[in-house]
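Asker: Output the structure for:
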Amino acid sequence: MEWTESITGRRTFLLGGAGLILGGCFEGSCYESNPQQKKFVGDLAEIAKPAMASNNPLAIEDAAKRSLALGDSIGAFTDWCGTLKAIDGNAQNAAVTIEVGPQISLYAFNDWTLAAAGAFADLFATRSREAPPPGLSDQAVAALKTFRLGQHVQLSGRMGAIAGSGLFDLSRLFGKSDTSNRVFLQSPRFVASIEALSASNKK
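Answerer: Have a look, this model is predicted:
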């Protein structure tokens, strides 16, 4: 897809500014406290670094596809540590972005229309007319009411669970242009279902 100046609003959930993934994990950060999470963040860096350094559009496109495949392969995760970056919507139709690595975020939501509104419409492929499963459990939504932005949280859920329902095509989370693939590698965002959230004392 082509990125234009008119693309604003919620697209910032999926694509952000300059990425820090190329520098790997922050030493001693909460991102490193869970072995599965640490490996995921490290594997993403191993995929992105050589591709970005090559300045080869074909290598960058392949790295973007491999990164999405890696995220899709994670499945269930437990007790990951993250930073609450954004909350949108309301108690009934919440959407949340949680950073789980340097510039690596999970995006979860409970309202299909919220996700598909505006610039989001061309990022997802609808394969079913059934109501999409919730990306945030009732417990997670209740917990969100007690947090502040920038707070560290513990989270459990399933990576790409909403995509696994057949409602989404994750391959469309990255663009068809070289620029879009570069931006994705710099600041990857993944759709996830978040079943449990709690405050974390990890730094």
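
Asker: doesn't Asp43 fall inside a strand?
Answerer: No - under DSSP: H, G, I helix; E, B strand; the rest coil, Asp43 falls outside any strand and is assigned helix.

Asker: can you pull the contacts of it?
Answerer: Residues in contact with Asp43 (C-beta atoms under 8 Å, 6 or more residues apart in numbering) are Leu70. (Each C-beta comes from the backbone N, C-alpha and C, glycine too.)

Asker: Identify, by residue count, the longest strand of this protein.
Answerer: In the chain, with assignment by DSSP state E, the single longest strand is strand 76-88.

Asker: Name the strands paired with the helix or strand following it and say parallel or antiparallel.
Answerer: The element immediately downstream of strand 76-88 (helix or strand, assigned by DSSP states H and E) is strand 95-101. Paired strands of strand 95-101, with direction, are strand 76-88 (antiparallel), strand 104-109 (antiparallel) (DSSP bridges).

Asker: Out of those, which is closest to Lys145?
Answerer: Across the strands paired with strand 95-101, Lys145 has its closest neighbour in strand 76-88 (9.4 Å, C-beta to C-beta).

Asker: would you list the strands paired with strand 95-101 in CSV and tack on mean neighbour count, distance to Ala45 and mean pLDDT?
Answerer: Shown next, in CSV, are those (neighbours: other C-beta atoms under 10 Å; distance: least, C-beta to C-beta, whole Å; pLDDT from 0 to 100):
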stretch, mean neighbour count, distance to Ala45, mean pLDDT
strand 76-88, 19, 17, 95
strand 104-109, 25, 9, 90
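
Asker: would you list those strands in JSON lines and tack on distance to Gln154?
Answerer: Formatted as JSON lines, the strands paired with strand 95-101 follow (distance: least, C-beta to C-beta, whole Å):
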{"stretch": "strand 76-88", "distance to Gln154": "5"}
{"stretch": "strand 104-109", "distance to Gln154": "13"}
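
Asker: Between these, which one is closest to Ser200.
Answerer: Comparing these by their distance to Ser200 (C-beta to C-beta), the top pick is strand 76-88, with 5.5 Å.

Asker: residues in contact with that closest one?
Answerer: The set of residues external to strand 76-88 that reach it, using C-beta under 8 Å, 6+ apart, is 10, 13, 30-31, 33-34, 36-37, 94-100, 105-106, 109, 114, 144, 147-159, 200, 202.

Asker: circling back to that earlier point, between the strands paired with strand 95-101, which gets nearest to Ala53?
Answerer: strand 104-109 (18.7 Å).

Asker: related to what we said a few turns ago, Glu61: which of the strands paired with strand 95-101 is closest?
Answerer: Closest to Glu61 of these, according to C-beta to C-beta: strand 104-109, at 19.2 Å.
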